[in-house]
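A.B. asks: Okay, predicted coordinates and the sequence, questions at the end:
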Amino acid sequence: MKLFKALFLFLFSTSLLIAGNHEVKEEVKITTTKLATGVYMLQGKGGNIGLSIGEDGILMIDSQFAPLSEKIKASIKELSTKPIKYLVNTHWHFDHTNGNENIAKDGVIIVSHENVKKRLSEDSFIKAFNKTVPALPKIALPTITFTDKIDFDLNNENIEVIYQKNAHTDGDSVIFFKNANVVHAGDIYFNGFYPFIDESSKGDVEGVIKAVEYILNRVDDNTKIIPGHGKLSNKKELTYYKETLIELNKRMKKLIAEGKTLEEIVALKPFADYDEKLGGGFLPPEKFLKIFYGVVKANQ
């Protein structure tokens, strides 16, 4: 039992959701990567952060974990003394929004799709991890919401925030920095390992595929793509991700149509040829397989 608990907490603390654990215990370094003039990516623990920085102030994408807020702010101040004006949440998950309160205390306006605010406003249950995530306090909630898209003209940059229906969750947004040719894909894109698709938040494999196809239709070979998790990416790698999801979805739908039970599917190891390349992330192959099965079956 102790081993199971330790493994559970490790998965949550090193990846996408630390839902019931508010501490980041290990020493975390915030790294900064310049992507274009005034556009940056910050990496620490949790979802990758995007920044637009210039004379008009700072637009920030996602906030990671509350214990990292001061480090994140310090890293941003090394780039600019301008204030953070806007914080955009790509979706509601804890590793992207737990720092909201600390950022909002500086007078920052939080922006998200309306479903993100709804989920952050109430306790949420994540079936895949049998975990209840508590609601955020009012100060940490988005004060500006949208249904389809919202635009920012900031720092000589046209920034489009566009909703993607029922993808990783029911509240995902993709952010395009049109002049800089940079995209922040949020957790629609996990680069280099198996993704988490949240059935409890109405996530859908085919919705993720559609969202990725939308991004691919708008980028070129020079576009820099910030994934929700993983290293900075590009069109070629995102194309591989899409093709992988299409193949995994095809295999799983076939097995379900044949009447195979979850136990039988696990025993068959239908994704074994992908496990070495993608199974080293926060979801081990069998855990990913079980979650993926649940998502595909729920959306049939």
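C.D. replies: Yep, it's here. In this text the structure is predicted, and so the values were computed from the model without any measurement.

A.B. asks: Y241: what secondary structure?
C.D. replies: Classification of Y241 using DSSP: H, G, I helix; E, B strand; the rest coil returns helix.

A.B. asks: you'd agree it is up against E213?
C.D. replies: No: using CB atoms under 8 Å, Y241 makes no contact with E213, being 11.0 Å away. C-beta here means a position set from N, CA and C on the backbone, and glycine is covered the same way.

A.B. asks: higher neighbour count, the two?
C.D. replies: Y241 (26 against 14; other CB atoms under 10 Å).

A.B. asks: show me the contacts for that one.
C.D. replies: Shown in contact with Y241 (CB atoms under 8 Å, 6 or more residues apart in numbering): 189-191, 212.

A.B. asks: can you pick the most crowded of those residues?
C.D. replies: The most crowded member of these, judged by other CB under 10 Å, is Y189 (28 neighbours).

A.B. asks: Assign it to helix, strand or coil.
C.D. replies: strand.

A.B. asks: Next up, the contacts around it.
C.D. replies: 195, 212, 215, 225, 227-228, 230, 233, 238, 241.

A.B. asks: one more time with 7 Å, if that's ok
C.D. replies: Residues in contact with Y189 (CB atoms under 7 Å, 6 or more residues apart in numbering) are 212, 225, 227-228, 238, 241.

A.B. asks: can you check L216 too?
C.D. replies: Residues in contact with L216, defined by CB under 7 Å, 6+ apart, are 235, 238-239, 242.

A.B. asks: mind giving me CSV with those residues and columns for distance to T33, neighbour count and pLDDT?
C.D. replies: Shown next, in CSV, are these (distance: CB to CB, whole Å; neighbours: other CB atoms under 10 Å; pLDDT from 0 to 100):
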residue, distance to T33, neighbour count, pLDDT
K235, 18, 17, 98
L238, 17, 23, 98
T239, 22, 14, 98
K242, 24, 19, 98
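
A.B. asks: hang on, the earlier thing: could you pick out which of the contacts of Y189 are located in strands?
C.D. replies: Among the contacts of Y189, the members found in strands (DSSP state E) are 225, 227-228.

A.B. asks: Any chance of the contacts of Y189 in a markdown table with distance to S173 as columns?
C.D. replies: Formatted as a markdown table, those follow (distance: CB to CB, whole Å):
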| residue | distance to S173 |
| --- | --- |
| V212 | 14 |
| I225 | 15 |
| P227 | 14 |
| G228 | 11 |
| L238 | 17 |
| Y241 | 18 |
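
A.B. asks: got the end-to-end distance for stretch 99-113?
C.D. replies: In stretch 99-113, first residue to last residue: 18 Å (CA to CA, to the nearest Å).

A.B. asks: Strands along the stretch 101-250 of the chain, start to end?
C.D. replies: 109-113, 124-126, 131-133, 144-146, 149-154, 157-164, 172-177, 182-190, 224-229 (DSSP state E, counting those that start in this stretch).

A.B. asks: Deepest-packed of these, please.
C.D. replies: Mean neighbour count (mean count of other CB atoms under 10 Å) peaks for strand 182-190 among those, with a mean of 28.

A.B. asks: Partner strands of that strand and their direction?
C.D. replies: Using DSSP bridges, strand 182-190 pairs in its sheet with strand 172-177 (antiparallel), strand 224-229 (parallel).

A.B. asks: and of those, who's closest to G47?
C.D. replies: strand 224-229 (5.1 Å; CB to CB).

A.B. asks: For that closest one, which outside residues touch it?
C.D. replies: For strand 224-229, contacts defined as CB under 7 Å, 6+ apart pick out 16, 35, 41, 47-48, 50, 90, 181-191, 219, 232-234, 238.
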